[in-house]
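Enquirer: Any chance you can model this:
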Amino acid sequence: MTELMISLRRSPRLLLTRDGHPGPGPGRLALVMARAGVGKTAFLTGIGVDALLAGQKVLHVSLERSLDKVREWYDESLVEMLRVNKKLEHLSAVQLIMERNRHIHTFVGQSFSVARVRQTLELLRDAMEFTPAVIILDRMEFTEVDEPTVAELKALAAEVGAELWMACRTHRHVPPAPGHLPPPADAFEGLVDVAFSLVPQDAKVRLNVVKDRQEVVNKDLNILLDPQTLLLVTGIAAKK
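Expert: Numbers count the residues shown, from 1 in each chain. Coordinates of the predicted model:
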């Protein structure tokens with residue numbers, strides 16, 4: 001089953017395998033940027049699925065979506081991976097393994113705070129012996145948080161040895177300053193280790209690396225993503 005799960009991986013997170021880690025690594029902040037409606041949540045869900053397929057534990061924190069809705073995103077992403085690989089008969093078995101290694105926490109109807117995220121992590125550790133290797137924070141608007149809050153979240157992830165993934169909504173009419181991330185992400189760019197941008201192109205979504213470690217590169221990876229799942233499109237080369 002482990003070999004099957006590894007073979008299913010189609011997330012852009014595959015591009016970040018470094019230092020023996022199947023992702024950006026513990027204590028690092030990875031950011032996905034795109035305009036509204038391009039698929040930031042689908043991208044982050046794919047990151048979570050990828051980590052689970054790699055045998056890691058995942059904490060997915062959503063500020064606006066219900067537990068059932070987030071679980072539905074994971075299930076849909078997994079079904080698509082199995083369908084492409086013609087392995088749908090393994091759905092129940094893989095789902096069970098993933099659910100054991102994933103925890104979804106929603107702030108619907110509650111105010112968000114770093115302290116509450118810390119409480120969640122402590123409860124998971126003490127009551128369930130669950131320490132995530134990947135923390136996904138979904139639906140947080142960067143225009144509504146300050147740099148110290150993002151710094152606290154990154155430090156908290158580092159404490160538990162997890163990588164942190166977040167999304168930022170950008171705007172077409174607000175271009176980035178040379179050598180910087182686009183607003184509003186530029187206010188936090190010193191904290192960002194890896195940044196992707198999602199750019200709609202025809203019937204696909206183009207993936208660019210905007211920052212890698214301490215360098216703003218804005219590099220076109222010549223890679224296309226499926227617009228529904230935001231997973232890597234296999235067998236298709238992007239045209240420049």
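Enquirer: any idea which element residue 73 lies in?
Expert: In the assignment (DSSP states H and E), residue 73 maps to helix 67-84.
Enquirer: Tell me the helices and strands packed up against that helix.
Expert: Helix 67-84 is packed against helix 40-53, strand 58-62, helix 91-100, strand 102-106, with contacts defined by 3 or more CB pairs under 8 Å, 6 or more residues apart in numbering; DSSP states H and E. Glycine gets a C-beta too; all of them are placed from N, C-alpha and C.
Enquirer: Enumerate the beta-bridge partners assigned to residue 198.
Expert: Residue 198 has the following beta-bridge partners by DSSP bridges: residue 207.
Enquirer: Now for it: which residues touch it?
Expert: Residue 198 sits next to 32, 33, 34, 38, 39, 40, 43, 205, 206, 207, 225, 230 when contact means CB atoms under 8 Å, 6 or more residues apart in numbering.
Enquirer: try residue 172
Expert: With CB under 8 Å, 6+ apart as the criterion, the residues that contact residue 172 are residue 35.
Enquirer: For it, report the pLDDT, please.
Expert: Among the per-residue scores, residue 172 shows a pLDDT of 81.
Enquirer: tell me the phi and psi of it?
Expert: In terms of degrees, to the nearest 10, the main-chain angles of residue 172 are phi -60, psi -40.
Enquirer: neighbouring strands for the helix or strand encompassing residue 164, and are they parallel or not?
Expert: Following DSSP H and E, the helix or strand that holds residue 164 is strand 163-169. Sheet partners assigned to strand 163-169 using DSSP bridges are listed as strand 29-34 (parallel), strand 134-138 (parallel).
Enquirer: mean confidence for the helix or strand following the shortest one?
Expert: Scanning forward in sequence from strand 134-138, with DSSP H and E defining helices and strands, the next element found is helix 147-160. Mean pLDDT, helix 147-160: 96.
Enquirer: Helix 147-160 to strand 134-138, inter-axis angle?
Expert: For helix 147-160 against strand 134-138, the angle by axes from the mean of the first three to the mean of the last three CA atoms, to 10 degrees is 150 degrees.
Enquirer: Nearest to residue 177 among the helices and strands packed on helix 67-84 would be which one?
Expert: helix 40-53 (22.1 Å; CB to CB).
Enquirer: Show me what counts as buried in that closest one.
Expert: Taking 16 or more other CB atoms under 10 Å as the basis for neighbour counts, the residues of helix 40-53 that come out buried are 40-53.
Enquirer: Stretch 146-163 now?
Expert: Taking 16+ other CB under 10 Å as the neighbour-count basis, stretch 146-163 is seen to contain the buried residues 150, 152, 153, 154, 156, 157, 160, 162, 163.
Enquirer: Stretch 118-138 now?
Expert: 120, 121, 124, 130, 132, 133, 134, 135, 136, 137, 138.
Enquirer: what's near enough to touch the first one?
Expert: When you say that, I think you mean residue 120. Counting by CB under 8 Å, 6+ apart, residue 120 makes contact with 59, 61, 105.
Enquirer: where's it, which helix or strand?
Expert: Secondary structure assignment for residue 120, by DSSP H and E: helix 114-128.
Enquirer: Nearest to the middle of this protein, which residue? Look it up for me.
Expert: Per CA atoms, centre = their mean, the C-alpha nearest to the average position across the chain is that of residue 44, at 3.1 Å.
Enquirer: Does that residue touch residue 138 like I think?
Expert: Yes: the criterion here is CB atoms under 8 Å, and residue 44 meets it with residue 138 at 5.3 Å.
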